[in-house]
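**Student:** coords below, sequence missing:
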Ligand SMILES: NC(=O)c1ccc[n+]([C@@H]2O[C@H](COP(=O)([O-])OP(=O)(O)OC[C@H]3O[C@@H](n4cnc5c(N)ncnc54)[C@H](O)[C@@H]3O)[C@@H](O)[C@H]2O)c1
Ligand SMILES: [Zn+2]
């Protein structure tokens, strides 16, 4: 088992290890002063792991209730949030009780937001069951729900009390979801580590999950500790995401997030070569790892369309848009691009 301590306004430990799913009850005891536990999960994860987790927590002596919602991003909304906090209220939850967010990023974001706001904040544990949640959304305390016209429009920063990541749960992930998680894993390698890139090329991530997840969490830790509230260094985590979000939007979300991020990373690497920031070799290394993990690298949309979406959904800072651009594997930099120069950077 690997423990990683994160020091933010609320400090917590990320525990990563096979079998951790069956220790949740004991881990809750360690937190102290909990009597009731609400397990929040989606319909898929509930079928797979809900019963097991619930039994485990009951066996440790806690009263439990379950809140299960239909899987998918369309559930990450104010109605489901409202049903959840109403249920907590009906079950007389107090600030000494606890929420367990069992699932992917949708569960984590929604349950985290409910924990942050119910009675002005009750404790919650993240139990990520997707690769994306394990390496990204369960760490860093961003919580949110979507509005009709925008993702993550209502939310706040609220740190969990503990993150328990059992890589064995990833065995049931659909292949596509696994690959999407790999796009985020590859992002960390391009951002910070040639050595990690080599590890991922040598052995599939699925055969070294503890190493992969802990390496990504250690890297995310550096950004979130430096920039808890996302005003600076966390911006690097947007590698591939600025163009990726535009691709997601233009495809009407038929291109999955991880696939769009992969296209975004390939596209920005091509433009980095075009603008003399990285070598052809770095570009071909980036394309090689994305292809090895079954991710798309071709951007099907014209630059003008991408730019239009980018300008409509991104914050401009002093008339500039910040792009995260690879210089070599393990090293990226922020380039502030004037809107009228975006064409030099987008659509490759
Ligand atoms: N808070 C953050 O910092 C942050 C960061 C990145 C993304 N996010 C958010 O995360 C969400 C995406 O997360 P996601 O990709 O995990 O999506 P998700 O939670 O919808 O999970 C993807 C699918 O996998 C299923 N699933 C989950 N675990 C499973 C398992 N072990 N076996 C089989 N199926 C399983 C789910 O039911 C779902 O159908 C988005 O809403 C995004 O905005 C948040
Ligand atoms: Zn992402």
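**Tutor:** Structure received. Computed from a prediction, not measured in an experiment: that's the story for all the values here. Ligands and ions are numbered 1, 2, ... in the order given.
**Student:** burial of whichever residue of the stretch 151-300 of the chain sits closest to ligand 1, as a residue count?
**Tutor:** Closest residue of the stretch 151-300 of the chain to ligand 1, CB to the nearest ligand atom: residue 172 (3.6 Å). (C-beta placed from N, C-alpha, C; glycine too.) The number of residues packed near residue 172 is 13, by other CB atoms under 10 Å.
**Student:** need the contact list for it.
**Tutor:** Residue 172 is in contact with residue 48, counting by CB atoms under 8 Å, 6 or more residues apart in numbering.
**Student:** got it, and the one 10 residues further on?
**Tutor:** Applying CB under 8 Å, 6+ apart to residue 182 gives the contacts 131, 205, 258, 293-295.
**Student:** buried ones in the strand or helix carrying it, by neighbour count?
**Tutor:** Using DSSP states H and E, residue 182 sits in helix 175-192. Using 16 or more other CB atoms under 10 Å as the test for burial, helix 175-192 gives 177-192.
**Student:** same check, this time on stretch 131-149
**Tutor:** Applying 16+ other CB under 10 Å to stretch 131-149 flags 131-146 as buried.
**Student:** so of these, which ones are in strands?
**Tutor:** Of the buried residues of stretch 131-149, the ones assigned to strands by DSSP state E are 142-146.
**Student:** and the helix or strand where residue 125 lies, how far out from the chain's middle?
**Tutor:** If you go by DSSP H and E, residue 125 is part of strand 123-128. In terms of CA atoms, centre = their mean, to the nearest Å, the centre of strand 123-128 is found 14 Å from the chain centre.
**Student:** and the contacts of it?
**Tutor:** Residues outside strand 123-128 that contact it (CB under 8 Å, 6+ apart): 21, 24, 27-28, 31, 34, 53, 97-105, 108, 111-112, 115, 133-134, 137-139, 160-166.
**Student:** my guess is residue 177 meets residue 130, correct?
**Tutor:** Yes. With contact defined as CB atoms under 8 Å, residue 177 counts as touching residue 130 (5.8 Å).
**Student:** which residues do these two both contact?
**Tutor:** Both residue 177 and residue 130 are in contact with residue 104, where contact means CB under 8 Å, 6+ apart.
**Student:** number of nearby residues for residue 320?
**Tutor:** Number of residues near residue 320 (other CB under 10 Å) recorded here: 14.
**Student:** contact partners for the residue nearest to it when sequence neighbours are not counted?
**Tutor:** Nearest residue to residue 320, sequence neighbours excluded (CB to CB, 6 or more residues apart in numbering): residue 336, at 4.0 Å. Listed by CB under 8 Å, 6+ apart, the contact set of residue 336 reads 317-318, 320-322.
**Student:** so how far is residue 53 from residue 25?
**Tutor:** 9 Å (CB to CB, to the nearest Å).
**Student:** what do you get for residue 332?
**Tutor:** 38 Å.
**Student:** same check, this time on residue 109
**Tutor:** Distance, residue 109 to residue 53, using CB to CB: 19 Å.
**Student:** check contacts around residue 332.
**Tutor:** Residue 332 is in contact with 190-191, 236, 239, 324-326, counting by CB under 8 Å, 6+ apart.
**Student:** what is the residue nearest to residue 45 when sequence neighbours are not counted paired to in the beta sheet?
**Tutor:** Spatial nearest neighbour of residue 45, chain neighbours left out: residue 103 (4.3 Å); criterion: CB to CB, 6+ apart. On the basis of DSSP bridges, residue 103 is bridged to residue 128.
**Student:** residue 103: how many residues sit nearby?
**Tutor:** Counted with other CB under 10 Å, the neighbours of residue 103 add up to 33.
**Student:** so what pLDDT did it get?
**Tutor:** Note for residue 103: predicted pLDDT of 98.
**Student:** what helix or strand is residue 163 on?
**Tutor:** In the assignment (DSSP H and E), residue 163 maps to strand 162-165.
**Student:** so does that strand get close to ligand 1?
**Tutor:** No. Using CB under 6 Å from any ligand atom, strand 162-165 never reaches ligand 1; the gap is at least 11.2 Å.
**Student:** check the secondary structure at residue 10 for me.
**Tutor:** Per DSSP: H, G, I helix; E, B strand; the rest coil, the secondary structure class of residue 10 is coil.
**Student:** point out the residues in this protein that sit beside ligand 1.
**Tutor:** For the chain, the residues in contact with ligand 1 (CB under 6 Å from any ligand atom) are 42, 44-45, 48, 71-73, 76, 103-107, 109, 129-130, 132-133, 136-137, 140, 142, 151-152, 169-170, 172-173, 177.
**Student:** got the domain boundaries for this structure?
**Tutor:** By the record's domain assignment, the chain is partitioned as 2-172, 175-344 (automatic domain parsing).
**Student:** quick check: mean pLDDT across the last one?
**Tutor:** When pLDDT is averaged along domain 175-344, the result is 95.
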